[in-house]
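Participant: Fold the following and give me the result.
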Amino acid sequence: MIDIKFLRDNPEIVKENIRKKFQDHKLALVDEVIELDLINRNTKQEADDLRANRNKISKEIGTLMAQGKKEEAGERKVLVAAHAKRLQGLEAKENELEEKINQIMMAIPNIINDDVPLGRDDSENVEVNIYGEPVVPDFDIPYHTEIMESFAGLDLDSARKVSGQGFYYLLGDIARLHSAVISYARDFMIDRGFTYCIPPFMIRSNVVTGVMSFAEMDAMMYKIEGEDLYLIGTSEHSMIGKFNDSIISESELPQTLTSYSPCFRKEKGAHGLEERGIYRIHQFEKQEMIVVCKPGDSSFWFEKLWQNTVDLFRSLDIPVRTLECCSGDLADLKIKSYDVEAWSPRQKKYFEVGSCSNLGDAQARRLKIRVNGENGKYFAHTLNNTVVAPPRMLIAFLENNLQADGTVRIPAALRNYMGGADKILCR
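Facilitator: This is a model prediction of the structure:
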């Protein structure tokens, strides 16, 4: 959510930003919120004037009563009562206007960085760099479910009977590999100076609307019936929520946290053939990283965050590339975003395994995450990035480390987490 003062002073900049995001249907919101803001400020001014006048009259009543002028004091009391009634109506109007303004401001997209490439959707995202040599072996690589089943490591049929479509059982060495990747990612981030955290897996609605847009919430979140609680779609939500309505000393920044959590997502809509199996599911686990920092430092941290993911995947011998999300592919709160994509030798193309986002002060403004600096208080900047999400990452891992004899090689970095084994053997 952008600063309404900025919108009031720079309506054309806000409108141009909306056009860059190809959301022209939102252009009218700028003029609407400016009009409502003017009415609201006039209402506030009238209310403030009434309060000041009421206080003045109240003092006069005290003086008149002390002078024995009860009749004149009575006339003043009638006026105070009239002011109170009018003030009550103005306060109700203020609350109504502020609610409308807040709803509109949440729908207006954040101002994207000047260097974000223009484009309508993810088909116009821009490749930034490639890390590692993408290799296609001289043997056929089966679909990831077939690889897992060759190790007796996946049971989708039982999961469907227990929970429905979009769930899975991982077993044996595949389940151990899943846990090994999570543990390795945890230690990888700790070694890079991040504080490890296990957050709540449910959050209240005010935190949900603080960290994401209404459209994202509807598409992603599961609500707990009868409770003001939602299952998290990613631990970023509860990690940023940790700082909700807080004032952080500037000397305590940056806050750098890495978190483990299960994640729960509706995953609405139909998906393609390559998104069967465990690619797009309702429940998975993830290692995440978040940063809360000074505004001037967020660009620096953005570069460090996506690089962490690249380095982790390369340490496991998985080729990756980075893509910069174009303007139309950016969620409304984001000012800049990179996707990290892993190489799929089976598909002979890259697919998304992580996303790094700089949200500027949008989340901090919604959640009231303020910093106490030398020159007063200001809103922090927040960033997040996927370290690793094993179900999808396992696909990349298995395809890139599968050998011609059907075994899977374990890179050196992961062997201590797999009991020292250098390969997984077929059952």
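Participant: farthest residue from the center of the chain?
Facilitator: Gly68 (65.5 Å; CA atoms, centre = their mean).
Participant: Give me the number of neighbouring residues for Asn400.
Facilitator: Neighbour count for Asn400, taken as other CB atoms under 10 Å: 25. The C-beta positions use only the backbone N, C-alpha and C, and glycine is treated the same way.
Participant: Which helix or strand lies directly C-terminal to the helix or strand harbouring it?
Facilitator: Taking DSSP states H and E as the definition, Asn400 sits inside helix 390-401. Under the assignment DSSP H and E, the closest C-terminal helix or strand after helix 390-401 is strand 408-409.
Participant: hang on, the earlier thing: give the phi and psi angles for the residue farthest from the centre of the chain, as a check.
Facilitator: The phi/psi pair for Gly68 (degrees, to the nearest 10) reads phi 80, psi 10.
Participant: any idea what Ala342 is structurally, helix, strand or coil?
Facilitator: Following DSSP: H, G, I helix; E, B strand; the rest coil, Ala342 is assigned to strand.
Participant: Might you report the residue contacts of the residue lying closest to it once chain neighbours are set aside?
Facilitator: Closest residue in space to Ala342, ignoring its immediate chain neighbours: Ala396 at 3.6 Å, by CB to CB, 6 or more residues apart in numbering. Counting by CB atoms under 8 Å, 6 or more residues apart in numbering, Ala396 makes contact with Phe313, Ile318, Ala342, Trp343, Ser344, Phe351, Val353.
Participant: per-residue pLDDT, Arg276?
Facilitator: pLDDT, Arg276: 68.
Participant: for Pro391, that is, sorry about that
Facilitator: Reported pLDDT for Pro391: 85.
Participant: same thing with Ala270?
Facilitator: For Ala270, the predicted pLDDT is 44.
Participant: Quick one: list the elements packing against the longest helix anywhere in the chain.
Facilitator: Secondary structure of the chain read by DSSP state H shows that its longest helix is helix 27-66. If you count contacts as 3 or more CB pairs under 8 Å, 6 or more residues apart in numbering; DSSP states H and E, helix 27-66 packs onto helix 4-9, helix 11-20, helix 70-107.
Participant: Please repeat the previous calculation with a cut-off of 6 Å.
Facilitator: With contacts taken as 3 or more CB pairs under 6 Å, 6 or more residues apart in numbering; DSSP states H and E, helix 27-66 sits against helix 11-20, helix 70-107.
Participant: I would like the residues contacting the shortest one, please.
Facilitator: Here helix 11-20 makes contact (CB atoms under 6 Å, 6 or more residues apart in numbering) with Leu7, Lys26, Leu27, Val30, Ile111, Leu118, Ser327.
Participant: Generate the ChimeraX command that creates a selection of the buried members of these.
Facilitator: Selection of buried members from those for ChimeraX, criterion 16 or more other CB atoms under 10 Å:
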select :7,26,30,111,327
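Participant: Look at the closest residue to His282 other than its chain neighbours and give its secondary structure.
Facilitator: Excluding the flanking residues, the one nearest His282 by CB to CB, 6+ apart is Gly166, at 4.0 Å. Following three-state DSSP, the label given to Gly166 is coil.
Participant: how far away is Gly166 from Glu225?
Facilitator: 19 Å (CB to CB, to the nearest Å).
Participant: who's more crowded, those two?
Facilitator: Gly166 (17 against 6).
Participant: Quick check: the more buried one vs Met220, distance?
Facilitator: 13 Å.
Participant: Can you show me the strands along the stretch 101-250 of the chain?
Facilitator: 126-131, 154-155, 169-170, 195-197, 202-203, 222-223, 230-231, 246-249 (DSSP state E, counting those that start in this stretch).
Participant: packing partners for the fifth one?
Facilitator: In this structure, strand 202-203 packs against helix 235-241, with contacts taken as 3+ CB pairs under 6 Å, 6+ apart.
Participant: try 8 Å
Facilitator: strand 230-231, helix 235-241.
Participant: ditto for the longest one
Facilitator: Contacts defined by 3+ CB pairs under 8 Å, 6+ apart place strand 126-131 against helix 298-315, strand 320-324.
Participant: what's the angle between the last one and helix 390-401?
Facilitator: Looking back up the chat, that one is strand 320-324. 130 degrees (axes from the mean of the first three to the mean of the last three CA atoms, to 10 degrees).
Participant: which residues are contacting strand 320-324?
Facilitator: Residues contacting strand 320-324 (CB under 8 Å, 6+ apart): 116-117, 125-132, 306, 309-310, 313-314, 336-343, 350, 353.
Participant: among the helices and strands packed on strand 126-131, which is nearest Met239?
Facilitator: helix 298-315 (13.2 Å; CB to CB).
Participant: which helices and strands sit right next to the closest one?
Facilitator: So helix 298-315, by 3+ CB pairs under 8 Å, 6+ apart, packs with strand 126-131, helix 172-191, strand 283-293, strand 320-324, strand 336-344, strand 349-358, strand 381-388.
Participant: Doesn't Lys377 belong to a helix?
Facilitator: No. Using three-state DSSP, the assignment for Lys377 is strand, not a helix.
Participant: what about the lowest-mean-pLDDT helix or strand in the chain, distance to the chain center?
Facilitator: Least confident helix or strand, the chain: helix 214-220 with a mean of 76, by mean pLDDT, DSSP states H and E. In terms of CA atoms, centre = their mean, to the nearest Å, the centre of helix 214-220 is set 11 Å apart from its chain centre.
Participant: can I have that helix written out in PDB, keeping just the CAs?
Facilitator: The C-alpha trace of helix 214-220 is given here as PDB (Å, rounded to 0.1, in the frame of the first residue of the first chain):
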ATOM      1  CA  PHE A 214      -7.200  -9.800  -1.400                       C
ATOM      2  CA  ALA A 215      -6.900 -11.600  -4.700                       C
ATOM      3  CA  GLU A 216      -3.900 -13.600  -3.600                       C
ATOM      4  CA  MET A 217      -5.600 -14.500  -0.300                       C
ATOM      5  CA  ASP A 218      -8.700 -15.800  -2.100                       C
ATOM      6  CA  ALA A 219      -6.600 -17.900  -4.400                       C
ATOM      7  CA  MET A 220      -4.200 -19.300  -1.800                       C
END
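Participant: That helix: which residues count as buried?
Facilitator: Met217, Met220.
Participant: any residues touching that helix, and which ones?
Facilitator: Outside helix 214-220, the residues that reach it (CB under 8 Å, 6+ apart) are Met106, Ala107, Val208, Thr209, Met212, Tyr230, Gly233, Arg265, Lys266, Lys268, Ala331.
Participant: Likewise for stretch 77-97?
Facilitator: For stretch 77-97, using CB under 8 Å, 6+ apart, the contacting residues are 36, 39-40, 43-44, 46-47, 50-51, 53-54, 57-58, 61.
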